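Chemist: generate coordinates for the sequence data below:
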Amino acid sequence: MKLLKIAYHRNGISGLDFDGAIVRDGKNRKMLVVRFSKQADKGAGAVLCAALDLDLLGKEEIGFAVNSWRGDEYANFLDPLIAEWEAGKFEDDPRFSPKVVPQKIQSASQGVNNGK
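Modeler: This next block holds a predicted model:
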């Protein structure tokens with residue numbers, strides 16, 4: 001697999017944050033991968049990762065068994081890259097959008113809510 005692009009999404013004010021990635025997989029498919037945090041995996045008791053073929057999405061195909069792939073395989077590829085990204089390893093790599101750490105967002109929103 002090869003990472004083409006990745007970006008952090010906070011998912012509104014109450015949803016689970018996630019990283020969205022575009023990956024070229026071993027079968028040369030361009031995939032949209034949505035990876036929720038590994039911490040969320042523990043609470044769910046499952047790997048929270050979805051993978052969808054972008055060519056099929058372009059045809060508005062979202063059907064099960066047509067555009068459904070093993071998210072755990074994509075998570076195993078992305079998780080080490082996300083950990084390095086969070087540690088600041090890819091600051092100058094254009095494939096990686098600036099990583100906004102969820103704790104910083106939470107602190108900033110608390111300041112706004114408290115009128116600070």
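
Chemist: low pLDDT regions in the protein?
Modeler: For the chain, the stretches with pLDDT under 70 are 99-116.

Chemist: all helices for it, in order.
Modeler: Assigned by DSSP state H, the chain shows helices spanning 38-44, 54-58, 71-86, 102-113.

Chemist: buried deepest among those, which one?
Modeler: Scoring the helices of the chain by mean neighbour count under mean count of other C-beta atoms under 10 Å gives helix 71-86 as the most buried, with a mean of 17. (C-beta placed from N, C-alpha, C; glycine too.)

Chemist: before we move on, the earlier item: between the helices of the chain, which one is nearest to Asn28?
Modeler: Closest to Asn28 of the helices of the chain, according to C-beta to C-beta: helix 54-58, at 10.6 Å.

Chemist: contacts for the closest one next, please.
Modeler: For helix 54-58, contacts defined as C-beta atoms under 8 Å, 6 or more residues apart in numbering pick out Ile22, Arg29, Lys30, Met31, Leu32, Ile62, Val66, Asn67.

Chemist: now, which of the residues you listed sits nearest Ala7?
Modeler: Ala7 has its nearest neighbour among these in Ile22, at 9.3 Å by C-beta to C-beta.

Chemist: list the contacts for the closest one?
Modeler: Ile22 is in contact with Leu3, Leu4, Lys5, Ile6, Lys30, Met31, Leu32, Val33, Leu54, counting by C-beta under 8 Å, 6+ apart.

Chemist: what's the PyMOL line that selects buried ones from those residues?
Modeler: In PyMOL, this line selects whichever of the contacts of Ile22 come out buried by 16 or more other C-beta atoms under 10 Å:
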select buried, resi 3+6+31+32+33
